[in-house]
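Participant: what follows is a predicted structure for the sequence shown.
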Amino acid sequence: MSSSSSAAPSSFRPPTVGDVVRLAWPVVVSRSCQTVIGFADAAMLARLGQEALAAGSAGSLNTFAVLILPMGAVQIVNSFAAQFFGRGDLAGARRYGWYGLLLAAIVQVVAVALIPFTGAALGLFDFEPGVLDDMARYVSIRLLSTGAVTGMEGLASYYGGLGNTRLPMLANLAAMVLNVPLNWILIFGNLGFPALGVRGAAIGSVAATAIAFGGLFAAFVAGFGAPGGRARSRLEMREFLRMLRFGIPNGVNWFVEFSAFLFFIDYVVGGHGTTALAAMMATLNLNSFAFMPAFGIATAGSIFVGQAIGARRPDAVPSIVGRTFVLNGIWTGVVGGLYVAIPATLLSVFDDPGLLEYGVPMLMAAGAWQVLDAAGITLSESLRAAGDTAFCLWARLLFAWLLFVPLTVLWARVLGGGPVEAVAGIVIYLAALAVAFYWRFRRGAWRRIDLTGRGAAG
């Protein structure tokens with residue numbers, strides 16, 4: 001935890017670039033752990049054949065489509081915790097940790113109720129029978145971890161709001177470390193266990209997530225890793241509903257963008273054949289090396305934004321956002337430059353020369369959108385920290401489905417353009433978002449939002 005994170009409201013000081021980096025790197029590691037878990041599942045299932053790989057990979061993507069809404073909703077705990085912490089109200093911050101866990105329990109019940117309908121829902125799509133059966137089993141099992149995944153996100157948001165991003169990082173590392181051997185045992189039937197194939201991958205992921213969540217939950221209950229320890233106060237339904245009021249738009253915000261990109265990948269790019277789709281997936285995999293650190297830096301900056309607002313120092317927010325963007329811009333500028341300068345070399349890690357025709361121009365286009373993405377992430381996370389989640393939702397909804405999707409469909413499917421032209425739509429979409437978020441931030445509406453219900457920041 002950085003020194004500025006632990007300061008009382010009366011002694012709050014804007015963070016230095018070093019403070020942002022110290023808070024950001026554990027978030028980067030945490031998000032990267034989730035990427036490694038997905039990669040490990042795919043790599044092991046690939047040994048069982050294309051059907052197993054397709055069922056597990058597509059099943060993971062469909063599961064995430066369900067999980068992303070509650071994960072985004074519970075992320076608002078970070079904003080509440082940061083503002084209460086900045087105000088010096090540690091009991092208030094802890095209450096919102098409990099509210100996040102309550103939401104996790106509710107969505108787990110809903111997820112279990114959805115399991116019997118999994119096969120019918122997936123059957124609406126044109127999957128091969130063998131793939132469909134395995135995918136339905138995979139998703140049904142993975143839905144059992146909905147509460148644990150949401151709870152992990154909620155507690156990570158709580159601790160992050162207090163400036164402690166390292167404890168959630170350890171929980172995510174534990175999930176990653178456990179997932180790999182559990183998959184090895186359950187997918188292939190090692191150490192005397194039956195070989196469960198795709199089901200084994202799902203069970204391994206559920207078990208690893210549940211164990212990691214259990215450890216983080218135990219730390220939370222004990223008050224470990226939090227200033228004030230087990231600070232107690234009575235939970236209130238109105239506060240829980242207030243969390244939902246600001247959190248649900250944030251969750252829908254995540255879902256709206258994810259669903260638009262899922263449509264883009266499946267329909268717009270996928271319609272140009274397997275090679276184009278593979279090149280797009282390779283580009284997005286390489287792009288994660290730029291995005292994950294950028295997201296971590298933006299999250300760290302947003303924590304300081306929330307703490308500044310809670311400490312009645314809204315005047316400090318613009319400088320925090322500026323420093324966060326400078327750091328993000330440098331990082332994404334360097335990585336984006338590599339995408340433009342040596343795209344073929346970077347794509348060579350996939351050991352498929354056939355990807356280069358589409359992959360090289362796609363990766364170069366990815367270089368063009370890096371700084372735009374960094375600006376959008378930095379500004380939207382800062383607005384979220386202030387509670388301005390409704391604007392972010394409407395901006396993404398309008399630009400994703402009324403600009404990005406129609407534009408790429410028009411270019412790639414109506415006017416006869418190729419997948420590379422369609423990828424240019426991502427650049428336009430991210431530029432539009434960055435401008436919208438910058439306009440909103442400059443207007444200063446976030447100064448008048450009373451997130452906690454204890455008086456606006458001023």
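Facilitator: Cool, got the structure.
Participant: what residues of the helix ranked longest in the chain count as buried?
Facilitator: Counting by DSSP state H, the longest helix found in the chain is helix 274-310. Across helix 274-310, burial judged by 16 or more other Cβ atoms under 10 Å covers 276-283, 286-287, 290-310. No exception for glycine: its C-beta is placed from N, CA and C like everyone else's.
Participant: regarding residue 327, which helix or strand does it belong to?
Facilitator: Taking DSSP states H and E as the criterion, residue 327 maps to helix 317-341.
Participant: which residues touch stretch 310-329?
Facilitator: Among residues not part of stretch 310-329, those counted as contacts by Cβ atoms under 8 Å, 6 or more residues apart in numbering are 9-10, 12, 14-17, 20-21, 82-87, 294, 297-298, 300-301, 304-305, 308-309, 371, 374-375, 377-379, 382, 386, 441, 446-447, 452, 457-458.
Participant: what about 7 Å?
Facilitator: 9, 12, 14-15, 17, 20, 82-87, 294, 297-298, 301, 304-305, 308-309, 371, 374-375, 378-379, 382, 441, 447, 457-458 (Cβ atoms under 7 Å, 6 or more residues apart in numbering).
Participant: got the confidence number for residue 56?
Facilitator: Confidence at residue 56, expressed as pLDDT, is 79.
Participant: pretty sure it contacts residue 39?
Facilitator: No - assessed by Cβ atoms under 7 Å, residue 56 is found out of contact with residue 39, at 11.5 Å.
Participant: okay, those two: which has more neighbours?
Facilitator: Legend: neighbour count by other Cβ atoms under 10 Å for residue 56 and residue 39, higher for residue 56 (29 against 12).
Participant: excluding sequence neighbours, find me the nearest residue to residue 23.
Facilitator: Excluding the flanking residues, the one nearest residue 23 by Cβ to Cβ, 6 or more residues apart in numbering is residue 300, at 3.8 Å.
Participant: may I have the helix or strand just after the helix holding residue 327 as CSV, with CA atoms only?
Facilitator: Past helix 317-341, further along toward the C-terminus, the next helix or strand under DSSP H and E is helix 343-347. Extracted C-alpha coordinates of helix 343-347, given in CSV (Å, rounded to 0.1, in the frame of the first residue of the first chain):
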residue,chain,number,x,y,z
PRO,A,343,4.0,-7.0,-36.5
ALA,A,344,5.2,-10.0,-38.4
THR,A,345,7.8,-10.8,-35.7
LEU,A,346,5.2,-10.6,-32.9
LEU,A,347,2.7,-12.8,-34.8
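Participant: now do the buried residues in helix 343-347.
Facilitator: Using 16+ other Cβ under 10 Å as the test for burial, helix 343-347 gives 343, 346, 347.
Participant: thought the second one was touching residue 289?
Facilitator: No - in this structure, residue 346 is not within contact of residue 289 by Cβ under 7 Å, at 9.2 Å.
Participant: low pLDDT regions in this structure?
Facilitator: Low-confidence segments of the chain (pLDDT under 70): 1-11, 50, 125-126, 274, 351, 454-458.
Participant: domain map for it?
Facilitator: Following automatic domain parsing, the chain resolves into domains at 1-235, 246-450.
Participant: which strand or helix spans residue 99?
Facilitator: helix 90-114.
Participant: what does residue 230 give?
Facilitator: Element membership of residue 230, judged by DSSP H and E, is empty: it is in no helix or strand.
Participant: okay, now it: neighbour count?
Facilitator: With other Cβ under 10 Å as criterion, residue 230 counts 12.
Participant: any idea how far the nearest residue to it once chain neighbours are set aside is from residue 93?
Facilitator: Counting by Cβ to Cβ, 6+ apart, residue 230 lies nearest to residue 223, which is 3.5 Å off, once chain neighbours are set aside. As defined by Cβ to Cβ, to the nearest Å, residue 223 lies at a distance of 12 Å from residue 93.
Participant: helix, strand, or coil at residue 124?
Facilitator: Residue 124 falls in the coil class when you classify it by DSSP: H, G, I helix; E, B strand; the rest coil.
Participant: show me where the stretch 51-200 of the chain has helices.
Facilitator: Ranges of helices within the stretch 51-200 of the chain are 76-87, 90-114, 118-122, 129-142, 146-161, 166-188, 198-222, based on DSSP state H, counting those that start in this stretch.
Participant: kindly reformat the ones you listed as a markdown table containing mean neighbour count.
Facilitator: Converted to a markdown table, the helices of the stretch 51-200 of the chain look like this (neighbours: other Cβ atoms under 10 Å):
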| stretch | mean neighbour count |
| --- | --- |
| helix 76-87 | 29 |
| helix 90-114 | 20 |
| helix 118-122 | 16 |
| helix 129-142 | 21 |
| helix 146-161 | 28 |
| helix 166-188 | 20 |
| helix 198-222 | 21 |
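Participant: nearest to residue 338, of the ones you listed?
Facilitator: With Cβ to Cβ as the criterion, residue 338 lies closest to helix 166-188 of the helices of the stretch 51-200 of the chain, at 25.9 Å.
Participant: show me what that closest one is packed against.
Facilitator: Contact here means 3 or more Cβ pairs under 7 Å, 6 or more residues apart in numbering; DSSP states H and E; on that basis helix 166-188 packs against helix 17-45, helix 146-161, helix 198-222.
Participant: switch those over to TSV; also include distance to residue 363.
Facilitator: Listed next are those as TSV, based on distance: least, Cβ to Cβ, whole Å:
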stretch	distance to residue 363
helix 17-45	18
helix 146-161	30
helix 198-222	29
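Participant: residue 256: which of those is closest?
Facilitator: helix 146-161 (17.9 Å).
Participant: now the closest one and helix 17-45, what's the angle there?
Facilitator: Going by axes from the mean of the first three to the mean of the last three Cα atoms, to 10 degrees, helix 146-161 is angled at 160 degrees with respect to helix 17-45.
Participant: distance from the chain centre to helix 146-161, please.
Facilitator: Mean-position distance between helix 146-161 and its chain equals 12 Å (Cα atoms, centre = their mean, to the nearest Å).
Participant: list the helices and strands that helix packs on?
Facilitator: On a contact count with 3+ Cβ pairs under 7 Å, 6+ apart, helix 146-161 meets helix 50-74, helix 76-87, helix 90-114, helix 166-188, helix 198-222, helix 274-310.
Participant: again, only using 6 Å
Facilitator: Under the contact criterion of 3 or more Cβ pairs under 6 Å, 6 or more residues apart in numbering; DSSP states H and E, helix 146-161 touches helix 50-74, helix 76-87, helix 90-114, helix 166-188, helix 198-222.
Participant: could I get the ones you listed as JSON lines with distance to residue 433?
Facilitator: Formatted as JSON lines, the helices and strands packed on helix 146-161 follow (distance: least, Cβ to Cβ, whole Å):
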{"stretch": "helix 50-74", "distance to residue 433": "16"}
{"stretch": "helix 76-87", "distance to residue 433": "20"}
{"stretch": "helix 90-114", "distance to residue 433": "27"}
{"stretch": "helix 166-188", "distance to residue 433": "27"}
{"stretch": "helix 198-222", "distance to residue 433": "31"}
